[in-house]
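Asker: predicted model follows, preceded by the sequence.
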Amino acid sequence: MTSETIVVGRKTTGRLPGPVETPGSVDRRFSFEPHNCFACGSLNASGLHLDLHVDGERCWTTIELAGRFQGWDGIAHGGIVCTLLDEVMAWSLVEHDNWGLTARLSVEFKRPVPLETPIRAEGWVTRTRRRLITTAGRVVDPATDAILATAEATYVAAPEDRKKELKERYGFRLVEAAEPKA
């Protein structure tokens with residue numbers, strides 16, 4: 001961990017912890033070279049183009065899902081909700097200097113996720129065992145703090161040589177949130 005990282009305590013009740021609201025906490029976002037990832041890439045015309053942030057040990061993003069991501073009338077398709085959760089949970093690994101691939105993803109839909117309305121997706125690491133990293137995540141309505149969906153996932157960490165290759169390929173870096181997106 002860098003000296004900028006703020007460690008946020010975890011509850012042990014089995015419940016998902018609340019949103020990170022640490023006054024003065026570091027708000028950084030991920031910056032990378034243009035690429036085609038459906039979730040975070042800038043080159044995919046059909047993609048989500050997520051602006052990913054890190055606050056303490058959590059990765060988060062806010063987004064208003066466009067109508068093209070509709071499932072049933074007026075609500076987001078479940079696959080898009082899964083994509084949001086997978087992305088923030090996967091990028092939460094980077095705060096622990098891990099990069100990985102999704103091995104397992106389990107999502108619980110609590111309420112319909114509205115379109116054209118701000119939502120927040122956040123993910124965090126809950127356990128690390130050798131090359132297996134377990135994460136949790138959720139999608140919330142930031143206006144009411146209502147939980148719309150929750151998730152748990154397991155990722156397989158990339159070996160050191162592959163991690164180095166990925167960092168170089170994507171030009172990965174963390175920047176202060178106020179810095180303009182590249």
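Answerer: Happy to help now that I have it.
Asker: could I get the full set of helices for the protein?
Answerer: Using DSSP state H, the helices found in the chain span residues 78-92, 160-170.
Asker: which residue sits farthest out from the middle of this structure?
Answerer: For the chain, the C-alpha farthest from the mean C-alpha position belongs to Asp73; by C-alpha atoms, centre = their mean, that distance is 25.8 Å.
Asker: list the contacts of the nearest residue to Pro112 once chain neighbours are set aside.
Answerer: Take Pro112 and drop its neighbours on the chain: the residue closest to it by C-beta to C-beta, 6 or more residues apart in numbering is Ile75, 4.1 Å away. Every residue, glycine included, has its C-beta placed from N, CA and C. Each residue near Ile75 by C-beta atoms under 8 Å, 6 or more residues apart in numbering is listed here: 112-115.
Asker: lowest-scoring secondary structure element of the protein by mean pLDDT?
Answerer: Sorting the helices and strands of the chain by mean pLDDT, DSSP states H and E puts strand 28-31 at the bottom, at a mean of 69.
Asker: what's the spacing between the residue nearest to Pro112 and Leu115?
Answerer: To Leu115, Ile75 is 7 Å away according to C-beta to C-beta, to the nearest Å.
Asker: what do you get for Leu105?
Answerer: 22 Å.
Asker: now Thr135
Answerer: Distance of Thr135 to Leu115, computed by C-beta to C-beta: 26 Å.
Asker: the more surrounded of these two?
Answerer: The neighbour count for Thr135 versus Leu115, taken as other C-beta atoms under 10 Å, is higher for Thr135 (27 against 20).
Asker: give the bridge partners for the more buried one, please.
Answerer: Val125, Ala153 (DSSP bridges).
Asker: who touches the nearest residue to Gly67 once chain neighbours are set aside in this structure?
Answerer: Of all residues beyond its chain neighbours, the one nearest Gly67 is Leu115 (5.6 Å), with distances taken as C-beta to C-beta, 6+ apart. Contacts of Leu115 were listed using C-beta under 8 Å, 6+ apart, and they are 64-67, 69-70, 74-76.
Asker: ok, and the most crowded of these?
Answerer: So for these (other C-beta under 10 Å), the most neighbours sit at Ala76, 27 neighbours.
Asker: got a list of what that residue touches?
Answerer: 65, 69-70, 112-115.
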